[in-house]
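[1] let's see this in three dimensions:
(2 chains)
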Amino acid sequence: MSKTFIGPSLTVEGDVEGEDELVIAGTVRGARVQGKEVLVEKGGQVEASVEADSLRVSGRVQGNANARARVELAAEGQMEGDVRAPRVVLADGARFKGHIETGIE
Amino acid sequence: MRDGEGSTIERRTRVRGRVHAREPVRIRGRIDGRVDGELVVIEEGAVVVGDVSGREVRVQGIVLGRIDGAERVWLGASAQVRGALVTPVLSAELGARADADLRVGEIDAGAIPEEAESQTEAPRPKLSAVPGSEGPRVVVVKKRS
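    The predicted structure follows:
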């Protein structure tokens, strides 16, 4: 799968959407980020809601996250917003403020 | 610009908004909005609806807007530009298409013989705004037909 890479010195003021893997090491400020696999790398910042199959955060996300498969907040990651996904992983040391909804069988 | 260097907006990715880069940026997808960068590469199949500025702008895709290359602009054979193009140095491959107001470098008035100047109708710059461009409207010199 091809990979959209938003590098450390790139800023998007707006929305990013697509079917590619999306790696964010820079900054996205907008209303919506949408991709298949979204990875917010260390140093990366997202101020938008995120929709994805899976989301992994080692950087910082301010906004709600909705994933069809999984959300993972790595030890160095920070998230502020509500998370909805069948599987959610918060690593030891990760910072999180918001609600988590995984659904109940 | 090699693969893996700088940022890449891939084919199936669409950005609606402004992109600002202090690193090389390669666009293969679609951007609806302004792009500011250092080296901006718009590949074949890519579409930018908005103004593009950079030290160097290389186009093989489609740009609807104003291209401003502080050092140079290169249009590949598959490039299509509608809007305006302003740069000190332009190179274009055979097949590149442009329907654009054009200003490339400065005319050296001292090199033009006086009688030749008087025999031709003096160029009368027609000031126009670029349709569809975002932000402050720009004033450019209309190309001579």
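[2] which residues touch residue 45?
    Using chain A here. A:24, A:26, A:27, A:28, A:59, A:60, A:61, A:62 (C-beta atoms under 8 Å, 6 or more residues apart in numbering or on different chains). Every residue, glycine included, has its C-beta placed from N, CA and C.
[3] please go with chain B instead
    So residue B:45 contacts B:11, B:28, B:61 (C-beta under 8 Å, 6+ apart).
[4] quickly find the element holding residue 55.
    By default, I'm working from chain A. Assigned by DSSP states H and E, residue A:55 belongs to strand A:45-57.
[5] please refer instead to chain B.
    strand B:52-59.
[6] report the mean per-residue pLDDT for that strand.
    What strand B:52-59 shows for mean pLDDT is 98.
[7] and whatever helix or strand comes next after that strand, what's buried?
    With elements assigned by DSSP H and E, the helix or strand that comes after strand B:52-59 is strand B:62-75. Using 16 or more other C-beta atoms under 10 Å in any protein chain shown as the test for burial, strand B:62-75 gives B:62, B:63, B:64, B:65, B:66, B:67, B:68, B:69, B:72, B:73, B:74, B:75.
[8] distance check, whatever residue of chain B ends up closest to chain A against residue A:8.
    Of all residues in chain B, residue B:17 sits closest to chain A, at 1.2 Å by C-beta to the nearest C-beta. Using C-beta to C-beta, to the nearest Å, we find residue B:17 at a distance of 19 Å from residue A:8.
[9] neighbour count winner among the two?
    More crowded of residue B:17 and residue A:8, by other C-beta atoms under 10 Å in any protein chain shown: residue B:17, with 19 against 15.
[10] let me know the secondary structure of the more buried one.
    strand (DSSP: H, G, I helix; E, B strand; the rest coil).
[11] partner residues bridging it?
    Beta bridges link residue B:17 to residue A:14, judged by DSSP bridges.
[12] report the contact partners of the residue of chain B closest to chain A.
    So residue B:17 contacts A:12, A:13, A:14, A:15, A:30, B:32, B:33 (C-beta under 8 Å, 6+ apart).
[13] what helices and strands are in contact with the next helix or strand after the strand holding residue A:55?
    Moving toward the C-terminus from strand A:45-57, the next helix or strand (DSSP H and E) is strand A:60-62. When contacts are defined as 3 or more C-beta pairs under 8 Å, 6 or more residues apart in numbering or on different chains; DSSP states H and E, strand A:60-62 packs onto strand A:45-57, strand A:78-80.
[14] just put these in CSV and tack on mean pLDDT.
    Converted to CSV, those look like this (pLDDT from 0 to 100):
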stretch, mean pLDDT
strand A:45-57, 98
strand A:78-80, 98
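[15] please identify the most buried of those.
    strand A:45-57 (a mean of 22; mean count of other C-beta atoms under 10 Å in any protein chain shown).
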